[in-house]
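Participant: Sequence plus predicted model, see below.
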Amino acid sequence: MDGIHDTGGRQGFGPVRYTQDATAFHEDWELRANSLYAFAVRCGIFNMDEYRHAIERMDPRHYLAASYYERSITSLATLCVEKGVVSREELERRAQGTFPLAAPSAPGRTNVAARERFQPGDRVRVKLDFVPGHVRMPGYIRGKTGVVVSESPVYPFPDAHAHGVEAQDEPTYDVRFRSEELWPNSADPALVHVGVFQSYLERAV
Amino acid sequence: MGNEESVVRRTASMEQRVDALQEAFDKRGMKASEAIDELGHLAQEEWIPQNGARVVAKAWVDPAFRKRLLSDGRNAVAELGLSMPRHHRHLVVLENTTTVQNVICCTLCSCTAFTIIGLPPDWYKDLEYRSRVVRESRSVLKEMGLNLSAEVEIRVWDTTADTRYMVLPERPPHTVGWTEEKLAGIVTRDAMIGVARL
């Protein structure tokens, strides 16, 4: 989905709020939130793609205003409710207030049937796919051409894995793009490497 | 009394929402409270940048290890007793040189090799870093205190799949003759993310 989470290349955000050796956690509940989510993964309640997608399904206004660990808790609660572990009513009764959850999911999709194998040095184009469900193609590479650097081991296909759809595992290709081609006349010169699933790619002529 | 529908209910605080989930798990006999103590310990005491620092220091002093690390990071870090979650099937180690600066990010969420380089800092997960570092890398690094000369090529690595990355910083020239342990002491998480040089 072309969601608010797809931040790469978006303009308007200010300086990074950088401090040296910054911590991951600022409050006790953040550490507990992180541990609860890891616990749920360990219990097999959901997989990482389902978890990421439930964050992406948050209302955009909620997503932007929420801290990182609020997004994590929203995803965890949404998936627990959707999978019948606990009802929203029970969560809200225990929390003594409303418990905002993410919006329902669109259908997922399986792999592309005719997937091509690429070699380092091959020029590839990211397909012009518009996917309603989970997808790990950042919008800034859609339709763009790059060069294959290497092939990864096979991974579950996220577009299917986030939705309980059957699919084969497939590799990602480390594809090298030039920032000046991703954002012509509007980027600092750099090489941008992205791990792109095989189903998202076609050979560039 | 009164119509409950007409009552405007406030949004539960974050503490209340976390408590509610934890209680709901516990009530089902899932023993969440025990598990979160253990997982909290892992997050704060085990998944720390000192792991990656040991890897970097060894790569600096042991050319054969460096070669194995660059060709198969996951197996190489296992030699030091370090593990990665099952779904992180691949660790790619990115070697900085005097003319190449690698920097890692995750524009879609917050993915990192957290068992090796530590859990990502707050700014790594913020919208500012995620949105800007792929497009304005040199400007962002400069704002963060890393002012690279024009001949340094910047390579940004966006963690969009379950391949994980870590940067192998350049060994500072003044460390000749140092022990591996002393070398590990100067390697920072931010250098392994690639927003700082040593």
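Facilitator: Done, it's in.
Participant: now stretch B:35-42, how far from the centre of its chain.
Facilitator: Put simply, stretch B:35-42 sits 18 Å off its chain's centre (CA atoms, centre = their mean, to the nearest Å).
Participant: Check which residues of it are buried.
Facilitator: B:35-36, B:39-40 (16 or more other CB atoms under 10 Å in any protein chain shown). Backbone N, C-alpha and C define where each C-beta goes, glycine included.
Participant: Please list the members of those residues that lie in helices.
Facilitator: Mapping the buried residues of stretch B:35-42 onto helices (DSSP state H) picks out B:35-36, B:39-40.
Participant: What is the nearest of those to B:Thr163?
Facilitator: B:Leu39 (24.0 Å; CB to CB).
Participant: Would you quantify the distance from the closest one to A:His53?
Facilitator: Computed as CB to CB, to the nearest Å, the B:Leu39 to A:His53 distance reads 22 Å.
Participant: give the contact list for residue 178.
Facilitator: In the absence of a named chain, this looks at chain A. Applying CB atoms under 8 Å, 6 or more residues apart in numbering or on different chains, we find A:Arg178 in contact with A:146, A:189-192.
Participant: same thing but 10 Å
Facilitator: Listed by CB atoms under 10 Å, 6 or more residues apart in numbering or on different chains, the contact set of A:Arg178 reads A:144-147, A:184, A:187, A:189-192.
Participant: Equivalent analysis for A:Val165, please.
Facilitator: Counting by CB under 10 Å, 6+ apart, A:Val165 makes contact with A:107-111, A:133-134, A:157, A:159.
Participant: Which of the residues you listed are buried? Put it as a PyMOL command.
Facilitator: The following PyMOL command selects only the buried members of these, with burial defined by 16+ other CB under 10 Å:
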select buried, chain A and resi 108+109+111+133+134+157+159
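Participant: Would you mind listing the buried residues in stretch B:178-193?
Facilitator: Neighbour-count burial for stretch B:178-193, with 16+ other CB under 10 Å as criterion, is recorded at B:178, B:183-184, B:186-193.
Participant: same check, this time on stretch B:58-74
Facilitator: Counting neighbours by 16+ other CB under 10 Å, stretch B:58-74 gives B:58-60, B:65-66, B:68-69, B:73-74 as buried.
Participant: Then stretch A:93-106?
Facilitator: So stretch A:93-106, judged by 16+ other CB under 10 Å, has buried residues A:94-95, A:97, A:99-102, A:105.
Participant: would you put the C-alpha positions of that stretch in PDB?
Facilitator: What follows is stretch A:93-106, C-alpha atoms only, in PDB (Å, rounded to 0.1, in the frame of the first residue of the first chain):
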ATOM      1  CA  ARG A  93     -12.000  -2.300  29.800                       C
ATOM      2  CA  ARG A  94      -8.500  -3.200  31.100                       C
ATOM      3  CA  ALA A  95      -6.900   0.000  29.800                       C
ATOM      4  CA  GLN A  96      -9.800   2.100  31.200                       C
ATOM      5  CA  GLY A  97     -10.000   4.100  28.000                       C
ATOM      6  CA  THR A  98     -10.200   3.800  24.200                       C
ATOM      7  CA  PHE A  99      -7.500   1.700  22.500                       C
ATOM      8  CA  PRO A 100      -6.900   3.000  19.000                       C
ATOM      9  CA  LEU A 101      -6.200   0.100  16.500                       C
ATOM     10  CA  ALA A 102      -5.200  -0.100  12.900                       C
ATOM     11  CA  ALA A 103      -7.600  -0.300  10.000                       C
ATOM     12  CA  PRO A 104      -8.500  -3.600   8.400                       C
ATOM     13  CA  SER A 105      -6.300  -5.200   5.800                       C
ATOM     14  CA  ALA A 106      -6.700  -5.300   2.000                       C
END
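Participant: Distance from the chain centre to that stretch, please.
Facilitator: The chain centroid and the centroid of stretch A:93-106 are separated by 21 Å, computed with CA atoms, centre = their mean.
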